[in-house]
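[1] quick one, what's the 3D model for this:
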Amino acid sequence: MTGLPPECLERAARWLAAGERKVLGIVAPPGAGKSSFAQALATAFASAAQVLPMDGFHLANTELARLGRAGRKGAPDTFDAAGYVHLLQRVRAQADGATIYAPDYRRELEEAVAGAIAIEAHTPLILTEGNYLLLEDGGWAGVRGVLDEVWYLDVDDTVRRERLLARHMRFGRSREQALAWMAHTDEPNALRIAESRHLADVFVAWDEDQSLTGLSAAS
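    Numbering: from 1, shown residues only. The predicted structure is shown next:
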């Protein structure tokens, strides 16, 4: 049981039936459940789909400290956006038999790990999830043109913030530290992400806890 709406599964199944590689972007503010959604979709299609997280392109903590951005980790300028776009371009043009290695972000380390994800040429559906797939400024402006579609996850803000608070505390922050980080970093980022919502192709009402979802096309 994936908890995904039939419309999402049917849409992805049509792509797979076409026999061409497709790259689907999944975007939402922090705490919305992007990783869970992407993994559920990948699980539904087994070996035909693979997840490629944007978070693998976090700048290293040492580089964030050098730039004076450590206190804003997670903001748009704390990622290697150009590197992410370049990898997506490679994925689109991947030659038969080639393997492309991508980085993954490990929360227990609070660092990205290079070469952690092997993308094979025979995998037709690549699911890339992250916060800033629809931003139109800086290096992020190149992301949208590399994606076939972008799905925006709509999640109740109260639920999203509660989930985000729990995640911060699970990885070592006190409640007070987590709330302060959310107020000064996560929520400003969430507002910026929401401003680009209208650029998505599809909106998905997503509640990973209740497995209640729905899908609507952008007007």
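
[2] can you list the weak-confidence ranges in this protein?
    Low-confidence segments of the chain (pLDDT under 70): 1-2, 208-219.

[3] biggest strand in it, by residue count?
    In the chain, taking DSSP state E as the definition, the longest strand is strand 111-120.

[4] that one pairs with which strands?
    According to DSSP bridges, strand 111-120 forms sheet pairs with strand 99-106 (antiparallel).

[5] now the strand it pairs with: buried residues?
    100, 102-103, 105 (16 or more other C-beta atoms under 10 Å). To be clear about C-beta, it is placed using only N, CA and C from the backbone, and glycine gets the same treatment.

[6] equivalent analysis for stretch 180-192, please.
    Under the neighbour-count criterion of 16+ other C-beta under 10 Å, stretch 180-192 has 181-182, 185-187, 189-190, 192 buried.

[7] kindly provide the distance from residue 162 to residue 156.
    9 Å (C-beta to C-beta, to the nearest Å).

[8] actually residue 199, sorry about that
    For residue 199 relative to residue 156 (C-beta to C-beta), the value is 22 Å.

[9] do the same with residue 41
    In this view, residue 41 and residue 156 are 21 Å apart by C-beta to C-beta.

[10] neighbour count winner among those two?
    Set side by side, residue 41 and residue 156 show more neighbours around residue 41, with 22 against 12, by other C-beta atoms under 10 Å.

[11] please enumerate the strands of this structure.
    So, for the chain - with DSSP E - the strands run 22-27, 49-53, 99-106, 111-120, 125-130, 149-154, 202-207, 212-217.

[12] angle of the longest one against strand 125-130?
    Between the direction of strand 111-120 and that of strand 125-130, the angle (axes from the mean of the first three to the mean of the last three C-alpha atoms, to 10 degrees) works out to 160 degrees.

[13] one step back: turn the strands of the chain into TSV, including distance to residue 89.
    TSV is the format used below for those (distance: least, C-beta to C-beta, whole Å):
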stretch	distance to residue 89
strand 22-27	10
strand 49-53	13
strand 99-106	11
strand 111-120	13
strand 125-130	12
strand 149-154	16
strand 202-207	23
strand 212-217	27
